[in-house]
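Asker: Got a sequence here, can you build the structure:
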Amino acid sequence: MPTAIRKRPAAGQEPRVHGGKKPRYAFGSITDYEKLEVLGEGTYGEVFKARDRRTGKKVAVKWVRGNGAGGHGPPDIRAITREAGCLGACRGHESIIEILDVATDAETGDVFLVMELVADGRTLRESLWRPVSEDVTRVMMEQLLDAAAGVPYEECCVGTLIYTSPEQLEGNRYYGQAVDMWALGCIMAEMLAGGTLFVAETEEELLAEIYKLRDQITSTGKLDLEFLEELSEAGREVLTGLLAFNPDERMTAAKALEHRWFSKPKAAEHPGFVTLMS
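Answerer: Below you'll find the model as predicted:
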């Protein structure tokens, strides 16, 4: 299993895990980073832009909400190491955000993940919350599939509700590439439509939405959604393959990359193409 990135010891910086035990690696210090502005926040914490005082480089810092008052204090260290380890295992891939440090606040026990700053802090949703062209979608999907093709799968389960596969919602907790392929199908549809493929707040609601889509495909024999009217037949084949309800029949990343849809010119100079790396 991937382990968290090891950093030089910082005296007094190691937060305690549940039960009072110390983690088996050292952390950096959040004092090395100057907070500039908040980029976003959610259930699990806050992300802000910061400057590394040692290098002057701008970075993105994710504060992981803890178990104390106001979300402060040490969080579940196992969850931190799992996320940091997954990011660390993907280090070096041009399409995956790189983790730079894991830091703590000596006074509060707060834990932070320090990552490279993408698009100067603009979120992907801010950039793409509108339909994008098939050409742009193709370029971005090729990068995502290339990244997914090299992911090592072990005993983990990380995800966002609206991208969760039907088999997981039905109780299958095995996490393999088929789960990610379903999520990429949802993302491809989201790029083309300018909105999420499914709208749901609970697993039950999401499963009901997925069943509706399955029934529609069963009755018409094809994936028939309004935003697909201008999608090429080749693009429709890829999307349908990624959204296959049976995980054993779902298109793999390698198979998708071999599809004729990706035989088009790879030039990314399309109107509206989003440059994410700053």
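
Asker: Give me the neighbour count for residue 170.
Answerer: For residue 170, the count of nearby residues is 10 (other C-beta atoms under 10 Å). Every C-beta, even on glycine, is put in place using the N, C-alpha and C of the backbone.

Asker: mind checking how far it is from residue 163?
Answerer: Using C-beta to C-beta, to the nearest Å, we find residue 170 at a distance of 16 Å from residue 163.

Asker: Could you do residue 133 as well?
Answerer: 22 Å.

Asker: Neighbour count: those two, which is higher?
Answerer: Applying other C-beta under 10 Å to residue 133 and residue 163 shows that residue 163 carries more neighbours, namely 19 against 15.

Asker: can you tell me which residues contact the spatially closest residue to that one that is not a sequence neighbour?
Answerer: The shortest distance from residue 163 to any non-neighbouring residue, by C-beta to C-beta, 6 or more residues apart in numbering, is to residue 183 (3.9 Å). Contact analysis of residue 183 by C-beta atoms under 8 Å, 6 or more residues apart in numbering lists 159-160, 163-165.

Asker: first to last residue in stretch 190-200, what's the distance?
Answerer: Stretch 190-200 has an end-to-end distance of 14 Å (C-alpha to C-alpha, to the nearest Å).

Asker: so which helix or strand takes in residue 216?
Answerer: Assigned by DSSP states H and E, residue 216 falls within helix 203-220.

Asker: An error on my part: the question was meant for residue 255.
Answerer: Here residue 255 sits within helix 253-257, counting by DSSP H and E.

Asker: which secondary structure elements does that helix contact?
Answerer: Counting contacts by 3 or more C-beta pairs under 8 Å, 6 or more residues apart in numbering; DSSP states H and E, helix 253-257 packs against helix 134-148, helix 177-193, helix 233-242.

Asker: in it, what counts as buried?
Answerer: Within helix 253-257, the residues that count as buried by 16 or more other C-beta atoms under 10 Å are 253, 256-257.

Asker: do the same with stretch 49-64
Answerer: In stretch 49-64, counting by 16+ other C-beta under 10 Å, buried: 49-52, 58-64.
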